[in-house]
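Asks: what's the 3D shape of this:
(chains A and B)
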Amino acid sequence: MKPQLIRRYSAAERINHWIVAVCFILLALSGLAFFYPAFFWLTGVFGTPQLARIVHPFVGVLMSVAFARQFFRYWHHNLLTRDDIQWMKSVKTVMQGHEVGDTGKYNGGQKGMFWLMCACMAVLLASGIIAWRPYFAGHFPIPLIRIALLAHAWAATILIAGIIVHVYAAFWVQGTIRAMVEGVVSHAWAKKHHPRWYREVTGKQK
Amino acid sequence: MALQSLDITRRSASPTASPQARKTIEIAKLIDVSTCIGCKACQVACSEWNDIREEVGHNIGVYDNPTDLSADAWTVMRFAEEESNGKLEWLIRKDGCMHCADPGCLKACPSPGAIIQYSNGIVDFHQENCIGCGYCISGCPFNVPRISQQDNKAYKCTMCSDRVAVGMEPACVKTCPTGAIQFGSKEDMKQLAASRVADLKTRGYAGAGLYDPQGVGGTHVMYVLHHADKPQQYSGLPKDPQISPAVQLWKGWLKPLATVGIAAAGLFGFFHYITVGPNHADDEEDDTAANVGRKEKQEDKA
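Replies: Sure, this is the predicted structure:
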């Protein structure tokens, strides 16, 4: 690592993130195929429609397990503070490219996204198990399965829209994708976007 | 088991319309429970014609056998013992697919052409397109479709679409020894039902009537019931069956909403980027060529 770079994510964290990401893409594509008749051809990501129906829930379990690992890594970094509320209220300023508040490892938007993802993942996992044929659905009453299917589609829609924002934010704030690919960020990046975290990891006052 | 020799009006998961030019007669099967003797000949005929054999089960103390519909039992007789006015009534109902005009299974199915509705009213499953998700089970207000444990595909009564396509009546109709199951145009069956209902009323069944529930647009299997005011007595025949609101929301409202939501997220990103532009930190400590170029550009802007 070059001396002017700061480590943000370890190799284990990055592998963990990309397992979740790849699972998510496969699940979103096949899930959209089951949801929109006109996109049914997207079941092709798993070979055939029947295979997509069979494989989708197993990939879902893998994503849930990998995401659970992430949850235990990051939940304590994502507890909301008054600064985060301030950040959320000033989101317009933030979107103009200005910084708001003395941001730590994560800003208010990232924390909000974290908890949104956690909620969606929990709903997707629970409803997915309830609707999972042939293994589990038969053990649940049909009215509950109906609600599970509705909740699954809702949570998936919110998560897909959320992930689009997540990916765009990483792309927009340049130097961020490097944190999840190479694991490092520049001093300038850290100083500008996460000043409190920058001081914590470097021990510098300014 | 779908046959292409009948005209198709609706296919599952197919956003555009099927050919609509030809009009065919709407058919219906009329089951008169008041003349049914519970002999189960219809069950046997169904099993014979369709080459399906349910495993021999156990006697559970009532006449029901098999005890439930399955991928290998597309129709079952359900025997209910009801006491009213100090009299025991043995209410026997031949259960199976109702062939709804607005089929919940077809609405819920995600696989194009796995469920089709013929222009004569028959709703049929096309197993080679079935993916085994079980959405049809959630869509059905009558709890009819069953997924086979053998091949994970959904099965149910076809109304013998293969027989009807060549001008024959369904196997159960053909075999019924008392004429309790009749088959013909829906109009004719309604007329026949009206005469049966009138007869039952003269015999003291004031609640007699035709079961052709409008909540699912009417059905192509109809019952003459001596207690049409209390259909639940017939082993839980629903009084006002409808496609569940959860399924309606899922397959109806959520789709446009999800489209707008997902598209909005994507469009927001795109327009934000081309108007506000990227957000980068000036990296004095990392003056790579790319960064220098970027700085010059910013200076130009300023």
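Asks: buried sites along the helix or strand containing A:K92?
Replies: Following DSSP states H and E, one finds A:K92 within helix A:91-95. Along helix A:91-95, the positions that meet the burial threshold by neighbour count (16 or more other Cβ atoms under 10 Å in any protein chain shown) are A:V94. From N, CA and C alone the C-beta is placed, and that goes for glycine too.
Asks: try stretch A:14-33
Replies: Residues of stretch A:14-33 classed as buried by neighbour count (16+ other Cβ under 10 Å): A:14, A:16-17, A:19-21, A:23-24, A:26-33.
Asks: show me where chain A has strands.
Replies: Remark: strands assigned in chain A by DSSP state E are A:5-7, A:184-186.
Asks: can you put the ones you listed in a markdown table and add mean pLDDT?
Replies: Compiled in a markdown table, these are given as follows (pLDDT from 0 to 100):
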| stretch | mean pLDDT |
| --- | --- |
| strand A:5-7 | 95 |
| strand A:184-186 | 96 |
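Asks: Of all the helix elements in chain B, which one is longest?
Replies: For chain B, the helix with the greatest residue count under DSSP state H is helix B:254-275.
Asks: wait, does it contact chain A?
Replies: Yes. Using Cβ under 8 Å from any Cβ of the partner chain, a contact is recorded between helix B:254-275 and chain A, made by B:254-255, B:257-258, B:261-262, B:264-266, B:268-269, B:272-273.
Asks: would you list the residues you listed in CSV and tack on neighbour count?
Replies: Listed next are the residues of helix B:254-275 next to chain A as CSV, based on neighbours: other Cβ atoms under 10 Å in any protein chain shown:
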residue, neighbour count
B:L254, 17
B:K255, 16
B:L257, 13
B:A258, 20
B:G261, 17
B:I262, 19
B:A264, 12
B:A265, 20
B:G266, 16
B:F268, 15
B:G269, 17
B:H272, 14
B:Y273, 14
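Asks: Tell me the one among these nearest to A:V100.
Replies: The shortest separation between A:V100 and any of the residues of helix B:254-275 next to chain A is 16.8 Å, and it belongs to B:H272 (by Cβ to Cβ).
Asks: Now do the contacts for that closest one.
Replies: Contact partners of B:H272, counting by Cβ atoms under 8 Å, 6 or more residues apart in numbering or on different chains, are A:95, A:168, A:172.
Asks: Verify the contact between the second one and B:L267 for me.
Replies: Translated: A:Y168. No. Between A:Y168 and B:L267 there is no contact, the gap being 10.7 Å when judged by Cβ atoms under 8 Å.
Asks: Which one's more surrounded, the two?
Replies: When A:Y168 and B:L267 are compared on other Cβ atoms under 10 Å in any protein chain shown, the one with more neighbours turns out to be A:Y168, at 17 against 11.
Asks: For the residues of helix B:254-275 next to chain A, give me JSON lines that also has pLDDT.
Replies: Converted to JSON lines, the residues of helix B:254-275 next to chain A look like this (pLDDT from 0 to 100):
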{"residue": "B:L254", "pLDDT": "96"}
{"residue": "B:K255", "pLDDT": "95"}
{"residue": "B:L257", "pLDDT": "97"}
{"residue": "B:A258", "pLDDT": "97"}
{"residue": "B:G261", "pLDDT": "97"}
{"residue": "B:I262", "pLDDT": "97"}
{"residue": "B:A264", "pLDDT": "97"}
{"residue": "B:A265", "pLDDT": "97"}
{"residue": "B:G266", "pLDDT": "97"}
{"residue": "B:F268", "pLDDT": "96"}
{"residue": "B:G269", "pLDDT": "96"}
{"residue": "B:H272", "pLDDT": "97"}
{"residue": "B:Y273", "pLDDT": "96"}
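Asks: Low-confidence stretches in the stretch 1-150 of chain B?
Replies: Residues of the stretch 1-150 of chain B meeting the criterion pLDDT under 70: B:1-4.
Asks: what about 50?
Replies: Regions of the stretch 1-150 of chain B meeting the criterion pLDDT under 50 are absent.
Asks: can you check chain A too?
Replies: Across chain A (using pLDDT under 50), the flagged ranges come out as A:1.
Asks: can you tell me the helix or strand for the residue nearest the centre of chain B?
Replies: Centrality entry for chain B: nearest residue to the mean C-alpha point is B:C105, 3.1 Å, by Cα atoms, centre = their mean. Counting by DSSP H and E, the element that carries B:C105 is helix B:104-108.
Asks: List the buried residues of that helix.
Replies: Of all the residues in helix B:104-108, those buried under the rule 16+ other Cβ under 10 Å are B:104-108.
Asks: Ok, stretch B:54-70 next?
Replies: Neighbour-count burial for stretch B:54-70 flags B:54, B:64-66, B:69-70 (criterion: 16+ other Cβ under 10 Å).
Asks: Turn these into CSV, including distance to chain A and secondary structure.
Replies: Compiled in CSV, the buried residues of stretch B:54-70 are given as follows (distance: Cβ to the nearest Cβ, whole Å; DSSP: H, G, I helix; E, B strand; the rest coil):
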residue, distance to chain A, secondary structure
B:E54, 17, coil
B:D64, 20, coil
B:N65, 21, coil
B:P66, 17, coil
B:L69, 13, coil
B:S70, 12, strand
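Asks: Just name the closest of these to A:Y135, please.
Replies: Set against A:Y135, the nearest of the buried residues of stretch B:54-70 by Cβ to Cβ is B:S70 (18.1 Å).
Asks: was I right about the closest one contacting B:R146?
Replies: Yes. Look at B:S70 against B:R146 with Cβ under 8 Å: they come within range, at 5.1 Å.
Asks: isn't the residue nearest to the centre of chain B right up against B:F142?
Replies: No. Under the criterion of Cβ under 8 Å, B:C105 makes no contact with B:F142, lying 9.5 Å away.
Asks: okay, how far is it across stretch A:45-52, tip to tip?
Replies: End-to-end distance of stretch A:45-52: 7 Å, with Cα to Cα, to the nearest Å as the criterion.
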